[in-house]
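[1] sharing a sequence plus its predicted fold:
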Amino acid sequence: MYTLGMTSSPLHTCRGLRYHGDSPIVSRLVYDGVMRGVSYHQSEVFEAGQTFARTEGIIVAPETSHAVKSAIDEALKCKKTGEEKTILFNCSGHGNFDMAAYDAYYAGTPC
């Protein structure tokens, strides 16, 4: 299983999950080269969540906003290169219980 290590601790998290490992199946898919991990700054993630809410009418949870950000980035790469591909992401939750995190983002303060 891939982890950030037992000594790793996020400097600042904005609610949500603080699990530092990947599931065994995700670890295997990364190991086999089927998928890869990426990281983003929290402000990028909330911007992507905001874009998704304005475009699709769904407020996603902050954790899901990471997937939204990656999907947007992949779509922009395809737009730039002209490549056609199907891009999927898992919308694992809505943001109805994460409004404080969004309020802090809009206020420009750490949550």
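    Received it, and whenever you're ready, just let me know what you need.
[2] Tyr102 against Val45, yeah?
    No: under the criterion of Cβ atoms under 8 Å, Tyr102 makes no contact with Val45, lying 11.2 Å away. Every residue, glycine included, has its C-beta placed from N, CA and C.
[3] specify which residue of those two has the higher count of neighbours.
    Legend: neighbour count by other Cβ atoms under 10 Å for Tyr102 and Val45, higher for Val45 (22 against 19).
[4] from Asp103, how far out is Glu56?
    Between Glu56 and Asp103 the computed distance is 21 Å (Cβ to Cβ, to the nearest Å).
[5] can you check Val45 too?
    Counting by Cβ to Cβ - Val45 and Asp103 are separated by 15 Å.
[6] most distant residue from the centre of this structure?
    Most distant residue from the mean C-alpha position of the chain: Gly82, 24.4 Å away (Cα atoms, centre = their mean).
[7] where does this protein have its least confident helix or strand?
    helix 99-107 (a mean of 76; mean pLDDT, DSSP states H and E).
[8] give the buried residues for that one.
    For helix 99-107, the neighbour count (16 or more other Cβ atoms under 10 Å) marks 101-102, 104-105 as buried.
[9] likewise for stretch 68-77?
    Neighbour counts over stretch 68-77 (16+ other Cβ under 10 Å) mark 68-72, 74 as buried.
[10] gap between it and the chain center?
    Chain-centre distance of stretch 68-77: 11 Å, with Cα atoms, centre = their mean, to the nearest Å.
[11] what sits up against it?
    38, 40, 44-45, 47-49, 51-52, 60, 83, 85, 87-89 (Cβ atoms under 8 Å, 6 or more residues apart in numbering).
[12] among those residues, which are in helices?
    Applying DSSP state H to the contacts of stretch 68-77, the entries found in helices are 44-45, 47-49, 51-52.
[13] and the residues you listed as TSV, adding distance to Ser23 and pLDDT?
    Below are the ones in helices among the contacts of stretch 68-77 laid out as TSV (distance: Cβ to Cβ, whole Å; pLDDT from 0 to 100):
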residue	distance to Ser23	pLDDT
Glu44	24	92
Val45	20	90
Glu47	27	93
Ala48	23	95
Gly49	23	91
Thr51	28	95
Phe52	24	94
